[in-house]
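Asks: Prediction below, plus the sequence it came from.
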Amino acid sequence: MCGIVAYIGKQEAYPILIKGLKRLEYRGYDSAGVALLDGGIKTYKKAGKVSELENFVQDKDTRGNIGIGHTRWATHGEPNDRNAHPHLSQDGGLAIIHNGIIENYTSLKEELIKRGHSFKSDTDTEVLIHLIEDVLKKANVPLEEAVRIALSEVVGAYAIVIVSKDDHNMLIGARKGSPMVVGIGKDGEYFIASDASPIIEFTKNVYYLEDGEVVYIQDGEMVVKTIDNKVRNPYIQELEMNLEALEKGGYEHFMLKEIFEQPRSIIDNFRGRIRTNSSQIVMAGIDQFDHKFKNLNRILIVGCGTSWHAGLVGEYLIEEFTRIPVEIEYASEFRYRNPVITENDFVIAISQSGETADTLAAIQLAKEKGATIFGICNVVGSSIPRATHAGAYTHAGPEIGVASTKAFTAQVTVLTLMALSIAQKLGHITQTRMQELLTELESIPEKN
């Protein structure tokens, strides 16, 4: 649940980083920290809340137009000041923030110790920045190349951002299995974050990094490459969320606000999809695979956590109305059991964020075996909509509360519409019954 926010531009970075870290507090964390570039690298970090970091930094020098900030949920190393991010290289010339886990960090650390490196924390993240420094000095290559080479030796998942005291106008980010978004601001300024919530106040123009991509931002320009050094042409899109959706709106806490937002999010999922007058449901993603449903062996639903629970409801709904066998599986276990999948299977992948790593892995496996993949998620432009053959957005808006409410009911709503649409295509529901059900669905009040 770690959070990332970074800035490069003409504004003072520190206020942007702190505001961004506060917007990431919903993710859960045990420490927070920032690194600011102003000639050298100034690093401030503290176990506890972002407010404790703010108090600690009050009398410190926070000048700098480039900075990185992080909220950490402890994995390697207990939650304390020295294990908090950012972490520095051996010579203090590089700083890094990192979401994810470096699985082979122990072997990398042992090798680096043999080469004379010493470590100040218990984290896998510090090992990674030392590795980048080692490549930088021994291979005598530019920093962007050293990052790419080092990442090719890493096993695991990561979203990272790096700054260097020797490259005063550069920010480098990379991702594999952990989400990262780049925001494009005015006058050559850029923002990097683990999700869009910290940057929506400053820009709506964003690029979602693909797995295995590295972004280099320098002198107001952005270049995206793969770890294999292939240049990518980034597709910039506009965020649909607004700042008001990220505020509490007068409620005591976000969970209460989101409970009361459920009627509206359900109605938003009906809009444009229910045609009561003609007793039809229009879902482009379902309509384009009309021919598939007549020959399906089964429907597989994969998801994690809340999405898996929504899938359990979907299993009952789809089997009842379509009479197609349905199986629901944890995405985290799906790929490890060598499942039997054929081209006559239809896989529904559910994820609120659209970035769930296990669900993305399940999608990849099912695609390799020829299945048709349909995604249900909430975040436009995220990885799952791009990885699937078709899909439907849940239109729930940002969900800040960790205990899911409206994301769950929005997913169930989409699954209900899918069940009825497929049933109608297969002739398993009469026009009269369809009319009754759609009328009942439309009678759901939009407000509590």
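Replies: Good, I have the coordinates.
Asks: May I have the secondary structure class of residue 119?
Replies: Here residue 119 is recorded as coil under DSSP: H, G, I helix; E, B strand; the rest coil.
Asks: show me the contacts for it.
Replies: 109, 113, 126, 127, 130 (C-beta atoms under 8 Å, 6 or more residues apart in numbering). (Each C-beta comes from the backbone N, C-alpha and C, glycine too.)
Asks: Among the residues you listed, which one is most surrounded by other residues?
Replies: Highest neighbour count within the contacts of residue 119, by other C-beta atoms under 10 Å: residue 126, with 28 neighbours.
Asks: rewinding a little: in a markdown table, list the contacts of residue 119 along with pLDDT and distance to residue 192.
Replies: Below are the contacts of residue 119 laid out as a markdown table (pLDDT from 0 to 100; distance: C-beta to C-beta, whole Å):
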| residue | pLDDT | distance to residue 192 |
| --- | --- | --- |
| 109 | 95 | 26 |
| 113 | 96 | 31 |
| 126 | 96 | 20 |
| 127 | 96 | 22 |
| 130 | 97 | 22 |
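Asks: Dump those residues into JSON lines; add distance to residue 80 and secondary structure as well.
Replies: Listed next are the contacts of residue 119 as JSON lines, based on distance: C-beta to C-beta, whole Å; DSSP: H, G, I helix; E, B strand; the rest coil:
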{"residue": "109", "distance to residue 80": "19", "secondary structure": "helix"}
{"residue": "113", "distance to residue 80": "22", "secondary structure": "helix"}
{"residue": "126", "distance to residue 80": "14", "secondary structure": "helix"}
{"residue": "127", "distance to residue 80": "18", "secondary structure": "helix"}
{"residue": "130", "distance to residue 80": "20", "secondary structure": "helix"}
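Asks: Quick check: the farthest pair among those residues?
Replies: Pairwise distances across these (C-beta to C-beta) peak at 12.1 Å, for the pair 113 and 126.
Asks: ok, back up a step: what's the closest of the contacts of residue 119 to residue 425?
Replies: For these, the nearest to residue 425 is residue 127 (53.5 Å; C-beta to C-beta).
Asks: how much space is there between the closest one and residue 266?
Replies: As defined by C-beta to C-beta, to the nearest Å, residue 127 lies at a distance of 47 Å from residue 266.
Asks: Also residue 372?
Replies: 27 Å.
Asks: Counting neighbours, go ahead and name the busier of those two.
Replies: Neighbours around residue 372 and residue 266, counted as other C-beta under 10 Å, are more numerous at residue 266. The numbers are 23 against 20.
Asks: And the more buried one, which helix or strand is it part of?
Replies: Applying DSSP states H and E as the criterion places residue 266 in helix 262-270.
Asks: With residue 370 instead?
Replies: Using DSSP H and E, no helix or strand contains residue 370.
Asks: Without its sequence neighbours, what residue ends up closest to it?
Replies: residue 343 (3.6 Å; C-beta to C-beta, 6 or more residues apart in numbering).
Asks: likewise residue 172?
Replies: residue 162 (4.5 Å).
Asks: my read: the one you found touches residue 131, true?
Replies: No. Residue 162 is beyond contact range of residue 131, at 11.7 Å (criterion: C-beta atoms under 8 Å).
Asks: between these two, which one's more packed in?
Replies: Neighbours were counted for residue 162 and for residue 131 using other C-beta under 10 Å; residue 162 has more, 28 against 25.
Asks: Would you tell me which helix is longest in this structure?
Replies: Looking across the chain with DSSP state H, the single longest helix is helix 406-425.
Asks: got the CA coordinates for the helix or strand following it in CSV?
Replies: Once helix 406-425 ends, the next helix or strand along the chain (criterion: DSSP H and E) is helix 431-442. The C-alpha trace of helix 431-442 is given here as CSV (Å, rounded to 0.1, in the frame of the first residue of the first chain):
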residue,chain,number,x,y,z
GLN,A,431,-39.2,-9.9,-23.4
THR,A,432,-41.8,-9.5,-20.7
ARG,A,433,-39.5,-10.7,-17.9
MET,A,434,-36.7,-8.4,-19.2
GLN,A,435,-39.0,-5.4,-19.2
GLU,A,436,-40.0,-6.2,-15.6
LEU,A,437,-36.4,-6.5,-14.4
LEU,A,438,-35.2,-3.4,-16.2
THR,A,439,-38.1,-1.4,-14.7
GLU,A,440,-37.2,-2.6,-11.3
LEU,A,441,-33.5,-1.7,-11.7
GLU,A,442,-34.4,1.8,-12.9
